[in-house]
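>>> this is a predicted model, with the sequence first.
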Amino acid sequence: MSVHSFEKKIVLQSTLPEAWAFFCNPENLKLITPDEMGFDIVGEVPKKMYPGLLIRYIVKPLFGIPTTWVTEITHVQEPNFFVDEQRVGPYNMWHHQHHFTETPEGILMHDIVTYILPFGFLGDLVHPLVKNKLNRIFDYRTTKIEQLFGNKK
C-alpha cells in the first residue's frame, strides 16, 4: 500500500473573492467535472462550504458503475485554503488541498491531492491507470476553468 500524490496549478484571471466564491460553492464542482464521471450531489448543500460539511455524491469512476462518495470539508481558511477528505468512497484515503494565492499574473490555484488506493499491492499495480484518469479529470477541469475565467495555465 503506497501513498500517492498529485498536484495541479492554474492561474485564474479573476480576483481572490471571485475565485473563492466559485470554488467554495459545492454545486460548482459538477460544472468542472467530466460528464463521463456521472457526478451528482445527493441532497441539499449550502452555497458556501464550512468545516464539518459532509457532501454526498454519486460518481461513476469505472465502467459506468455508480459509487457513493462522501467527503468532509475539514479545513477552511477563507479565502486562501480549504481541504476535503473522503469519508466513504473508492479510495482508502483521499486528502485534497485547495490553495488560492494572489500573484501579479492572477490567482494561483494549487491543488494537492494525497491518496491511497484500495486492495494493497493490487491497487499499486493499477496506479498508473488511476493516475492517468486523475490527469484526464484535472486536465478537463483546467479547460473548463479556462472557459469560465478566461485563464492562462
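Done, it's in.

>>> which helices and strands sit right next to the helix-or-strand element of the chain with minimal mean pLDDT?
Every helix and strand in the chain was compared by mean pLDDT, DSSP states H and E; the lowest is helix 120-125, with a mean of 85. Packing contacts for helix 120-125, counted by 3 or more Cβ pairs under 8 Å, 6 or more residues apart in numbering; DSSP states H and E, involve no helix or strand. Just so you know, the C-beta spots here come from the backbone N, C-alpha and C atoms, and that holds for glycine as well.

>>> mind listing what's buried in that helix?
By neighbour count with 16 or more other Cβ atoms under 10 Å, helix 120-125 contains the buried residues G123.

>>> got a list of contacts for whatever helix or strand comes next after that helix?
Per DSSP states H and E, the first helix or strand lying C-terminal to helix 120-125 is helix 127-149. Applying Cβ atoms under 8 Å, 6 or more residues apart in numbering, the contact partners of helix 127-149 are 2, 4, 6, 8, 10, 12-14, 19, 22, 31-34, 37, 61, 109, 111, 113, 117, 151-153.

>>> which parts of helix 127-149 are buried?
Result for helix 127-149 [16+ other Cβ under 10 Å]: buried residues V130, I137, F138, Y140, R141, T142, I145, E146, F149.
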